[in-house]
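Student: just a sequence and a predicted model for now, questions to come.
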Amino acid sequence: RLAAAVAALVAARAPSAEVAAAALIRHVRTGSVAPDSVALATPLLTGLASALDWVAERPPLAQAALLASLAVLPAASRAAPTTPTLTPLVAAATSIAVRLLTERWPLAAGCGRDLARCLREAAEAAQGLAAVWAALLAGCAPGAAAADAGAPGYAAPRALTRLLARRTPPRLLLSRLPPDAEAALYFMLTSVRSGNQRRYQSWYAARHLARDGAEATAAVVGAVADATRYVAAVYHPPASVHASDVLPRWACLGWLLQWGRGAAVAEAARVATLLDWLFFDAATDSVASVEPAALVLVRSIPKYAAVTNGLLAAAAAAVDSFAPPAAAAARAGLVAGADALIARGVVRSFDGLADAPEVDAELRAWVRERLCGGGGGVAGAPDAAPPELAAETRALEVAATPQVSDSSAATAEPAPASVAPPATAKRRRARSQS
C-alpha cells in the first residue's frame, strides 16, 4: 500500500515525492523474487516508469531507480516465464533501464563503474539489455546516433573505459542496501571489538544472507555484493576507529568472501571487492576504497590461503574478461592502486605474496609481474590507457554528475587526498625499459 501511495504521489508530481520514492527504493532487494519484495517493487517501479521524464529531471532519483531496475531484472527475468506475477515488474524495470541508458546516457553514466557491474549481469538474462551492453563493448554509448558523436558523454571511442574510470557515488551504493542491513554493518565496523564479531556476523547472515526456495542463489548473490560494496566503498573509518581494536574492514570483507557458498556468490563477492582497484585512478579514487582488498590478500596468509588464492585468481581473470575493451585500463589501474597502497603505507610491498608457498605458483608469478615489478599498465607502456582519459573523465563528471548531499558523509571522514606514489627501483627499471 505504501508503494502504491508513493507511485500515486509521483504520478501527481507532488512536492518532495522524489524523497519518498528514493527512500522506498532502498527496500527493493537485489535479486529477490520473494512475494513481499515483488509486492513492493512492482508498483514503485511501474509508477517511476510511467513518469520517467519527470524522474529524469531529478538525477539522484533517476540513478537510484536505474540501479534498482538492473538489480531486480536478472532473477525476475529468469523466473517470469513460470511466474506470471513477475511480468509487470520485468516490464517496468526493463523500461526504466533501457530508456535511461539509451536516451539519457550522460545521466546514466553518473552511476559510475557499478553501472557496468550491474549491467554486465543483467544483460545475460534480461531481454532488451544485451544490445545496450554490446554497444558499450563496441566502444559506443548506448543509443547514440551518428550526429551525437561529438557530444560530451556520447558515442566517442572508449565509452566503456570512461564509464569504468568513474567512481560510483557512495549515495548510490547506499541506495542498494536496506537501512537495517546498513545499520548492522555500521555497528559491526564501529562498535564490535575484533575477535568478538562471530555472533554479530551469524545474526547478520541469518537476517540478510539466508534465503530459501527458487530465489536463494540470486538473492544471496545480490545481498553479498551489496554488503561488500558498502564495506569497501561507502564506509571509510575515521582515524579514531583505525587506531582502536574495532573489527577492521578487511576482516569483514574476508568473512563475506568466505560466505560465498557457490561459484556465483563467490564470484560476485570477489568482483565487488576488486572493482575499485581494477580501475583505480589516483586523481579521482580514494585509497580507502582499495585498502581492504589489499589487506585481505596480505593478511589472509597463511590461515585463510583459500581466500587469497580465490581473490588473486579473480583479479587475474577480471583484468581481461570483466570488460575486454577496458583491459588496458584494468592493468593500469592495478599498478596505480598498488603504487598508491605502498605510498600511503597500507602495505609495505606485495613481495610476501609473490614468495608465499601457500599461494599457487601461477598466481605468484602473476603477482610478481603485475604488483611487484610494475609491469602491465605502467604509464607509457604499450598497453597503458591513453593519458588524456583521466582528464576527459573528470571533465565529464563535473558536467554530468549531480551535486547532491551524501547521506553517508556524516559517518565517514573525507577521502584522503591522493598522493603521487614514489617509484621504486623496480618500477624505475620497468619504466625505463618501456
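Tutor: Structure's in. What do you need?

Student: what sits against the residue lying closest to residue 158 once chain neighbours are set aside?
Tutor: In space, residue 158 comes closest to residue 139 once its chain neighbours are excluded; the distance is 5.9 Å by C-beta to C-beta, 6 or more residues apart in numbering. Every C-beta, even on glycine, is put in place using the N, C-alpha and C of the backbone. Applying C-beta atoms under 8 Å, 6 or more residues apart in numbering to residue 139 gives the contacts 157, 158, 159, 160, 325.

Student: what do you get for residue 112?
Tutor: Counting by C-beta under 8 Å, 6+ apart, residue 112 has contacts 163, 166, 167, 168, 169, 172.

Student: try 10 Å
Tutor: Residues in contact with residue 112 (C-beta atoms under 10 Å, 6 or more residues apart in numbering) are 63, 163-169, 172-173, 233, 275-276, 279, 284, 397, 401.

Student: ChimeraX command for the buried members of those?
Tutor: Selection of buried members from these for ChimeraX, criterion 16 or more other C-beta atoms under 10 Å:
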select :63,163,164,165,166,167,168,169,172,173,233,275,276,279,284,397,401
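
Student: which ones among the contacts of residue 112 lie within helices?
Tutor: Those of the contacts of residue 112 mapping onto helices are 63, 163, 164, 172, 173, 275, 276, 397, per DSSP state H.

Student: which two of the residues you listed have the greatest separation?
Tutor: The largest separation in the ones in helices among the contacts of residue 112, counting by C-beta to C-beta, is between 63 and 276 at 18.1 Å.

Student: one step back: could you dump the contacts of residue 139 into JSON lines and include pLDDT, distance to residue 347 and neighbour count?
Tutor: Formatted as JSON lines, these follow (pLDDT from 0 to 100; distance: C-beta to C-beta, whole Å; neighbours: other C-beta atoms under 10 Å):
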{"residue": "157", "pLDDT": "48", "distance to residue 347": "35", "neighbour count": "13"}
{"residue": "158", "pLDDT": "78", "distance to residue 347": "31", "neighbour count": "20"}
{"residue": "159", "pLDDT": "85", "distance to residue 347": "34", "neighbour count": "23"}
{"residue": "160", "pLDDT": "90", "distance to residue 347": "30", "neighbour count": "24"}
{"residue": "325", "pLDDT": "88", "distance to residue 347": "30", "neighbour count": "16"}
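
Student: put together a markdown table for the residues you listed, with distance to residue 22 on each row.
Tutor: As requested, the contacts of residue 139 are exported to a markdown table (distance: C-beta to C-beta, whole Å):
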| residue | distance to residue 22 |
| --- | --- |
| 157 | 34 |
| 158 | 31 |
| 159 | 27 |
| 160 | 27 |
| 325 | 33 |
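
Student: and of those residues, the nearest to residue 83?
Tutor: For these, the minimum distance to residue 83 (C-beta to C-beta) is 33.1 Å, reached by residue 160.

Student: so that closest one sits against residue 137, correct?
Tutor: Yes - with contacts counted by C-beta atoms under 10 Å, residue 160 reaches residue 137, the gap being 6.5 Å.

Student: got the ones in helices among the contacts of residue 112 as CSV, with distance to residue 267 and pLDDT columns?
Tutor: Output for the ones in helices among the contacts of residue 112, formatted as CSV (distance: C-beta to C-beta, whole Å; pLDDT from 0 to 100):
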residue, distance to residue 267, pLDDT
63, 25, 97
163, 21, 93
164, 18, 94
172, 22, 97
173, 19, 97
275, 12, 97
276, 17, 97
397, 29, 42
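
Student: give me the phi and psi angles of residue 193.
Tutor: phi -70, psi 140 (degrees, to the nearest 10).

Student: any figure for the gap between it and residue 75?
Tutor: 37 Å (C-beta to C-beta, to the nearest Å).

Student: so these two - more neighbours on which side?
Tutor: Taking other C-beta atoms under 10 Å, residue 193 and residue 75 do not tie; residue 75 has more neighbours (26 against 10).

Student: in this structure that one contacts residue 28, no?
Tutor: No - using C-beta under 10 Å, residue 75 is not in contact with residue 28; the gap is 11.9 Å.

Student: what residues are shared contacts of the two?
Tutor: With C-beta under 10 Å, 6+ apart as the test, residue 75 and residue 28 both reach residue 37.

Student: tell me the spacing between the closest residue in space to residue 104 that isn't next to it in sequence and residue 90.
Tutor: Among residues not flanking residue 104 along the chain, residue 56 sits closest, at 5.4 Å (C-beta to C-beta, 6+ apart). Here residue 56 is placed at a distance of 21 Å from residue 90 (C-beta to C-beta).

Student: low-confidence ranges in the protein?
Tutor: Judged by pLDDT under 70, the chain has its weakly predicted residues at 144-157, 211-215, 260-261, 373-434.

Student: before we move on, the earlier item: anything in contact with each of residue 160 and residue 137?
Tutor: Listed as contacting both residue 160 and residue 137 by C-beta under 10 Å, 6+ apart are 323, 324, 325, 326.

Student: quick one: the first one from residue 113, how far?
Tutor: Applying C-beta to C-beta, one obtains 9 Å for the distance of residue 323 from residue 113.

Student: same deal with residue 54?
Tutor: Distance from residue 54 to residue 113, by C-beta to C-beta: 27 Å.

Student: can the shared contacts of residue 160 and residue 137 go into a markdown table with extra columns for secondary structure and distance to residue 246?
Tutor: Below are the shared contacts of residue 160 and residue 137 laid out as a markdown table (DSSP: H, G, I helix; E, B strand; the rest coil; distance: C-beta to C-beta, whole Å):
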| residue | secondary structure | distance to residue 246 |
| --- | --- | --- |
| 323 | coil | 35 |
| 324 | helix | 40 |
| 325 | helix | 41 |
| 326 | helix | 36 |
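
Student: can you pull the contacts of the residue nearest the centre of the chain?
Tutor: Nearest to the mean C-alpha position of the chain, by C-alpha atoms, centre = their mean, lies residue 114 at 3.8 Å. The neighbours of residue 114, taking C-beta under 10 Å, 6+ apart as the test, are 67, 70, 163-164, 166-169, 172-173, 176, 225, 229, 233, 272, 275-276.

Student: now swap in residue 131 and tell me
Tutor: 98, 101, 102, 123, 142, 143.

Student: report the two of those residues separated the most.
Tutor: In terms of C-beta to C-beta, the contacts of residue 131 reach their longest pairwise distance at 123 and 143, which sit 14.6 Å apart.
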